[in-house]
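K.L.:
Sequence isn't available, so here's the structure alone:
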């Protein structure tokens, strides 16, 4: 039994080495995979490429730190703050002391909702009404107070969200403090 296990392990290692070697050769440009699909060099002209503004890593860190500091000053150490780009990709996340797991997703979803719709989530929550399908059914969104958009020249480029306070208005006050921290410094470019 032990001998067959060793043989199987050796065979698996050999297959893995063969697969890794083929992948390395294909990525290096050797072999048939390299000639199958040529790369296209796209010219950066307005018809082909769009420019986009992003919040820098330094400004993102400053914003989440300012938001968490506001929450801590308000005796809300159990929140999470997230800053995401307009596509929902996390740029910065800071989890406060004793913040529960669900606060991470809530903060990210509030931030994304604010960024995607370009409005505070407290305002967006007022637009959700009725019993049928609504914008609140969109995946990855959360229409509860606590998300604030970050705009450059009037265009939403990111969002900051806070989750975990006992009231959404408290979450939103912290998110607003984070947004103001970089807006005042003029670093949201």
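P.N.:
Now that the structure is in, tell me what you want to look at. Everything numeric here is computed off the predicted structure, so don't read it as measured data.

K.L.:
Buried residues, the top strand by length along the chain. List them.
P.N.:
Secondary structure assigned by DSSP state E gives strand 155-163 as the longest strand of the chain. Of the residues in strand 155-163, those scored as buried under the neighbour-count criterion (16 or more other CB atoms under 10 Å) are 156, 157, 158, 159, 160, 161, 162, 163. All C-beta spots, glycine's among them, are computed from the backbone N, C-alpha and C.

K.L.:
And for stretch 67-84?
P.N.:
By neighbour count, and taking 16+ other CB under 10 Å as the criterion, the buried residues in stretch 67-84 are 67-71, 76, 78-84.

K.L.:
In contact with residue 115, which residues?
P.N.:
Contact partners of residue 115, counting by CB atoms under 8 Å, 6 or more residues apart in numbering, are 84, 85, 86, 88, 147, 149, 150, 156, 157, 158, 159.

K.L.:
Give me the nearest residue to the third one, chain neighbours excluded.
P.N.:
Excluding the flanking residues, the one nearest residue 86 by CB to CB, 6 or more residues apart in numbering is residue 115, at 4.6 Å.

K.L.:
same deal with the second one?
P.N.:
Sequence neighbours aside, residue 158 is the residue nearest to residue 85 in space, at 5.2 Å (criterion: CB to CB, 6+ apart).

K.L.:
So what pairs up with that neighbour in the strands?
P.N.:
Counting by DSSP bridges, residue 158 forms beta bridges with residue 85, residue 150.
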